[in-house]
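>>> A predicted structure for the sequence below; I have some questions about it.
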Amino acid sequence: VQLVESGGGLVQAGGSLRLSCAASGFTFDDYAIGWFRQAPGKEREGVSAISSNDGSTYYADSVKGRFTISSDNAKNTVYLQMNKLKPDDTAVYYCAGTYGTWGKYISDYDYWGQGTQVTVSS
């Protein structure tokens, strides 16, 4: 199983980025993908998640209305569109995979990517 994130970078506050999580090594349609982030000195937290089988989604309160998660099952890829970015969004963003339905917590996921850095300047 492999999860590879891409799309991070440096952006000014108010700007946008789109993160990608490319998955391989498992039946994508049976899995859920979650996005987590970890800022320096803080714990890793759940941001958003999507179940590939039914398309159900989850968003943390801090990103609702600004971030959108989507899945392209044909490409085995999940996207996280991040708009109206704030300096508080600065973190390493990780995608994670689990069989079945999405979960909110780190312990709900079995597979993890290496992360991609997102930096939002003020």
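Thanks, I have it. Note that the coordinates shown come from a computational prediction; the quantities given were computed from them, not determined experimentally.
>>> alpha carbons only for contacts and neighbour counts from here, please
Fine.
>>> so the most centrally placed residue in the chain bridges to which residues?
Taking CA atoms, centre = their mean, the centroid of the chain lies closest to Trp35, which sits 2.5 Å from it. Applying DSSP bridges to Trp35 gives these bridge partners: Ser48, Cys95.
>>> contacting residues around it?
46-49, 80, 93-96 (CA atoms under 8 Å, 6 or more residues apart in numbering).
>>> same thing but at 10 Å, please
Counting by CA atoms under 10 Å, 6 or more residues apart in numbering, Trp35 touches 5, 19, 21, 45-50, 58-59, 69, 78-80, 93-97, 104, 106, 112-113, 115.
>>> pull out the buried residues from these.
Among these, those buried by neighbour count (16 or more other CA atoms under 10 Å) are 5, 19, 21, 45-50, 58-59, 69, 78-80, 93-97, 104, 112-113, 115.
>>> which one is Ser121 nearest to, not counting chain neighbours?
Gln12 (4.8 Å; CA to CA, 6 or more residues apart in numbering).
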